[in-house]
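Undergrad: Sharing a model that was predicted from the sequence below.
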Amino acid sequence: MAEGTTGSTVPRRQLGRYLRELREAARLSVKAAAASLEWSTPKIWRIETGQVSLRSFDVRNMCEIYGASPEMTEALTGLAKETKARGWWHAYGDVIPEGFDLYVGLEEAAVSQDSYQSDIIPGLFQTEGYARDVIRTHTRGIGDAELEGRVRLRIERQTILTRVTAPLTLRVALSETVLRRPVG
């Protein structure tokens, strides 16, 4: 992962969106904002697209230049602190497939998800044994330690269905063959 991109994707994207909206409401171009902050235009773009975390100090400077209210400034500086928080899935960094951390982060923040599966049971419904067989079948040459790590990750993801605060609403359509096809 590139420097400055650690932490959860969702808070970074939210913060970037709010900062972009503030900049646009202030009728500042990216170039004008960058000049006022003594930054490059690509840095503003990376911030507004949620690609990098920000320090609270930088958020305060942006809010001041954009004319944000004190309440909005406080809310955004608090959100900036959340951008550095690592999600639970980072503990699986050694076994998580490249790019999948983004998916898990978005899945964690989602309130609902729709899915159609024609070949396998969705990961959020898989048992340990089923997950083990699917992962072993689709990932050739995987070692036992990595296999078990990926199974634990898959099972851990299922907690979003039963979490106390805003459990995920999942709507799934399955092909009948998914239910009849043996795995392993």
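TA: Thanks, I have it.
Undergrad: When you work out contacts or count neighbours from here on, use the C-alpha atoms and nothing else.
TA: Noted.
Undergrad: got any ranges where the protein has weak pLDDT?
TA: Across the chain, residues meeting the criterion (pLDDT under 70) sit at 1-8.
Undergrad: mind listing the helices for it?
TA: 9-25, 30-37, 41-48, 56-66, 70-82, 100-109, 128-138, 144-157, 176-180 (DSSP state H).
Undergrad: Packing partners of the longest one?
TA: Looking back up the chat, that one is helix 9-25. In terms of contacts (3 or more Cα pairs under 8 Å, 6 or more residues apart in numbering; DSSP states H and E), helix 9-25 is packed against helix 41-48, helix 56-66, helix 70-82, helix 100-109.
Undergrad: could the ones you listed be laid out in a markdown table, adding distance to Ala91?
TA: Output for these, formatted as a markdown table (distance: least, Cα to Cα, whole Å):
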| stretch | distance to Ala91 |
| --- | --- |
| helix 41-48 | 25 |
| helix 56-66 | 26 |
| helix 70-82 | 17 |
| helix 100-109 | 11 |
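Undergrad: quick revisit: I'd like to know which of the helices of the chain is closest to Asp94.
TA: Closest to Asp94 of these is helix 144-157 (Cα to Cα; 7.9 Å).
Undergrad: So for this protein, the centremost residue is which one?
TA: Gly105 (2.7 Å; Cα atoms, centre = their mean).
Undergrad: Show the contacting residues for that one.
TA: The contact partners of Gly105, taken as Cα atoms under 8 Å, 6 or more residues apart in numbering, are 8-10, 87, 89.
Undergrad: Taking those, tell me the two that lie furthest apart.
TA: Of all pairs in the contacts of Gly105, the most separated under Cα to Cα is Val10 and Trp89 at 13.7 Å.
Undergrad: can I assume Thr177 is in contact with Asp119?
TA: Yes: with contact defined as Cα atoms under 8 Å, Thr177 counts as touching Asp119 (7.2 Å).
Undergrad: OK, contacts around Gly93?
TA: Gly93 neighbours (Cα under 8 Å, 6+ apart): none.
Undergrad: now it: how far from Leu22?
TA: 35 Å (Cα to Cα, to the nearest Å).
Undergrad: cool, Val164 as well?
TA: Going from Val164 to Leu22 by Cα to Cα gives 33 Å.
Undergrad: So which of those two has more stuff around it?
TA: Leu22 (19 against 8; other Cα atoms under 10 Å).
Undergrad: which of the residues in stretch 118-135 are buried?
TA: For stretch 118-135, burial by neighbour count (16 or more other Cα atoms under 10 Å) applies to 120-124, 126, 130-132, 134-135.
Undergrad: Skipping its backbone neighbours, what lies nearest Asn61 in space?
TA: The shortest distance from Asn61 to any residue other than its chain neighbours is 7.5 Å, reached at Leu37 (Cα to Cα, 6 or more residues apart in numbering).
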